[in-house]
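*Asks:* predicted model and sequence follow; I will ask about them next.
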Amino acid sequence: MKKSNLISNLITAAIFIILEIAALNMLNSSSPIQRSWFAKGGHIVMGSLWGTTQDIKHYFSLKEKNDALAMENFRLREQMLEMEAIIRDSIRVSKIRPDGIADRYRYTPATIVKISNNTQHNYLIIGKGSEDGITEGSGIITGRGAVGVIDAVSDHYAYARSFKNHGMNISARLGRNGAVGPVSWDGHSNDGALLREIPHHVVFSPGDTVYTSGYSSIFPPDIPIGITGESRIVNGSTYEIQVRLFEDFGALRYVTVVENIGRDEIQRLERNRR
Amino acid sequence: MKAAQNFNILYILLVVCQIVLCNYSPLGPYITLSMLPAMILCLPLKNSNIMCMLIAFASALAVDWMSEGVLGLNVAALLPVALTRKTVIRIFLGEDLINRSEMFTFRKNGAVKISAAILTLYAIYLGIYIFLDGAGTRPLWFDLTRFGASLATNWLLALLITGILTPDDRK
């Protein structure tokens, strides 16, 4: 009974629509005022439909655009480093700072294919491997911080320990020329870290920027990591400072793998010296 | 059978009257007189919605065709009236009339309820008619004034038409 009512209602609605369209069509063809009004309305509807379609298309092409932007970003960073090296050479800064940072590191853009953020031992997997020149021990960075260190490499992928991992320390500096100490994840918050071993006499204030120091042989110097917050004195001699990280690990997708070209040589030297 | 024949003859005569009214209306631009919604309301309830829509389409097309108006204007405005007729009757005059396919009369249902049904259907008709007729060229105040004046005038006309077309009142 209900089904037959539904069919009957559908037929009624269909006939109504057909007759109404016929009436509007007659109206459209019989009067120039109504014709131009319908045309105007049609243009508005078509315009909004076209706009919506374009918005949907743009939304689904965002991934490609993001990939292209990441590549462009990477190229620009490379160019910037090359330019810095050229400027340094031209004004003979090499006398003051004999090593060129740009020459010491090799950069490779990569996309994260998997990331864990909610455990005490987080990791990430990137879509570049040994065939792309990725090696174990390389660092993973973005323009907003150090992200992790590569532990294992396959042909097309690399596994890395995330910065959000117990026991992972990065050498950091308070300000561009301040004191140096290890920074590590605080173990519970998404954007919190702790900067330790800052000498008691060092003057700083909440809001100061923390950078990579460049002393670790993994990460280049001067990558901003975060800003300082509250601090406390530990063992009566050093500060432990809370750091709010710039990088949002939950929204991470594009990274850069950084390899210190001279790392093997440095490590060999360290071993021989011992 | 005879009552049905009488109704059909009356209906056709009223369509002719409507054509004459459209061609020689002396009421000016603020009042649109139409008997068609009242005639559709008074169609026997045994007719299905589809039949009502076909009758409305034919009647309105005849009026549009033979008068000086715009072809399709009455048709476009009258079809929703035919579609919603039974719903309006169900709301204002009760479900029983629909179930028994019995025609309403002033004596049985009262002028107030019938007026409510008339005003609702005329509001639908005039709303669409004035909207399509203006085609965005007239100011809102003009359309609203025309709507109000036409609704009031047509209500009186519709009471007369309903009185003519409903069976008990004719006896």
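*Replies:* Thanks, I have it. This one's a predicted model, so the numbers in the text were calculated from it and none came from an experiment.
*Asks:* ok, how many other residues are close to the closest residue to chain A within chain B?
*Replies:* Chain A sits closest to residue B:72 of chain B, with a gap of 3.1 Å, by C-beta to the nearest C-beta. No exception for glycine: its C-beta is placed from N, CA and C like everyone else's. If you count neighbours by other C-beta atoms under 10 Å in any protein chain shown, residue B:72 ends up with 25.
*Asks:* from memory it sits against residue A:25, does it?
*Replies:* Yes. Look at residue B:72 against residue A:25 with C-beta atoms under 8 Å: they come within range, at 7.2 Å.
*Asks:* who in chain B is up against chain A?
*Replies:* By C-beta under 8 Å from any C-beta of the partner chain, the residues of chain B that approach chain A are B:48-50, B:53-54, B:57, B:60, B:64, B:70-73, B:75-76, B:79-80, B:83, B:132, B:135-137.
*Asks:* can you select the buried ones from those in ChimeraX?
*Replies:* Selecting only the buried entries of the residues of chain B next to chain A in ChimeraX, with 16 or more other C-beta atoms under 10 Å in any protein chain shown as the criterion:
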select /B:49,50,53,54,57,60,64,70,71,72,73,75,76,79,80,83,132,135
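*Asks:* quick one: residues contacting the residue of chain B closest to chain A.
*Replies:* Applying C-beta atoms under 8 Å, 6 or more residues apart in numbering or on different chains to residue B:72 gives the contacts A:23, A:24, A:25, A:26, A:27, A:28, A:30, B:64.
*Asks:* quick one: the residue nearest in space to the middle of chain B and residue A:44, what's the gap?
*Replies:* Centroid check for chain B by C-alpha atoms, centre = their mean gives residue B:37 as the closest residue, at 0.9 Å. Residue B:37 sits 30 Å away from residue A:44, going by C-beta to C-beta, to the nearest Å.
*Asks:* likewise for residue B:19?
*Replies:* For residue B:19, the distance to residue A:44 equals 36 Å [C-beta to C-beta].
*Asks:* quick one, phi/psi of the closest residue in space to residue A:218 that isn't next to it in sequence?
*Replies:* Nearest residue to residue A:218 in three dimensions, chain neighbours excluded: residue A:139, at 4.2 Å (C-beta to C-beta, 6 or more residues apart in numbering or on different chains). Main-chain torsions, residue A:139, degrees, to the nearest 10: phi -90, psi 160.
*Asks:* repeat for residue A:154
*Replies:* According to degrees, to the nearest 10, residue A:154 has phi -110, psi -170.
*Asks:* give me the neighbour count for it.
*Replies:* Residue A:154, neighbours per other C-beta under 10 Å, totals 12.
*Asks:* show the pLDDT at residue B:4.
*Replies:* Reported pLDDT at residue B:4 in the predicted model: 66.
*Asks:* OK, contacts around residue A:127?
*Replies:* Contacts of residue A:127 (C-beta under 8 Å, 6+ apart): A:110, A:111, A:112, A:113, A:156, A:157.
*Asks:* with residue A:178 instead?
*Replies:* Going by C-beta under 8 Å, 6+ apart, the list of residues near residue A:178 reads A:202, A:204, A:208.
*Asks:* name the element it belongs to?
*Replies:* Taking DSSP states H and E as the definition, one finds residue A:178 inside no helix or strand.
*Asks:* from residue A:215, how far out is it?
*Replies:* For residue A:178, the distance to residue A:215 equals 13 Å [C-beta to C-beta].
*Asks:* what do the two both touch?
*Replies:* Contact criterion C-beta under 8 Å, 6+ apart; no residue bridges residue A:178 and residue A:215 by contacting each.
*Asks:* show me the residues of chain B next to chain A that map onto strands.
*Replies:* Per DSSP state E, strands hold no members of the residues of chain B next to chain A.
*Asks:* how much space separates the residue of chain A found nearest chain B from residue B:64?
*Replies:* Closest residue of chain A to chain B, C-beta to the nearest C-beta: residue A:26 (3.1 Å). Plainly put, residue A:26 is 8 Å away from residue B:64 if you go by C-beta to C-beta.
*Asks:* also residue A:177?
*Replies:* Going from residue A:177 to residue B:64 by C-beta to C-beta gives 88 Å.
*Asks:* distance from the chain centre to the longest helix seen in chain B, please.
*Replies:* Counting by DSSP state H, the longest helix found in chain B is helix B:140-165. Here the centre of helix B:140-165 is set off from its chain's centre by 10 Å, with C-alpha atoms, centre = their mean, to the nearest Å.
*Asks:* how about stretch B:35-49?
*Replies:* The chain centroid and the centroid of stretch B:35-49 are separated by 8 Å, computed with C-alpha atoms, centre = their mean.
*Asks:* dump the residue contacts of residue A:74.
*Replies:* Taking C-beta under 8 Å, 6+ apart as the test, what residue A:74 contacts is A:107, A:109, A:256.
*Asks:* wait, I meant residue A:242
*Replies:* By C-beta under 8 Å, 6+ apart, residue A:242 lies in contact with A:186, A:192, A:193, A:194, A:195, A:228, A:229, A:230, A:231.
*Asks:* beta partners for the fourth one?
*Replies:* When assigned by DSSP bridges, residue A:194 has beta-bridge partners residue A:184, residue A:242.
*Asks:* so for it, what's the pLDDT?
*Replies:* According to the model, residue A:194 scores 91 on pLDDT.
*Asks:* try the last one
*Replies:* Residue A:231 carries a pLDDT score of 88 in this model.
*Asks:* that older thread, which one of the contacts of residue A:127 has the most neighbours?
*Replies:* Of all the contacts of residue A:127, residue A:110 has the most neighbours under the rule other C-beta under 10 Å, reaching 24 neighbours.
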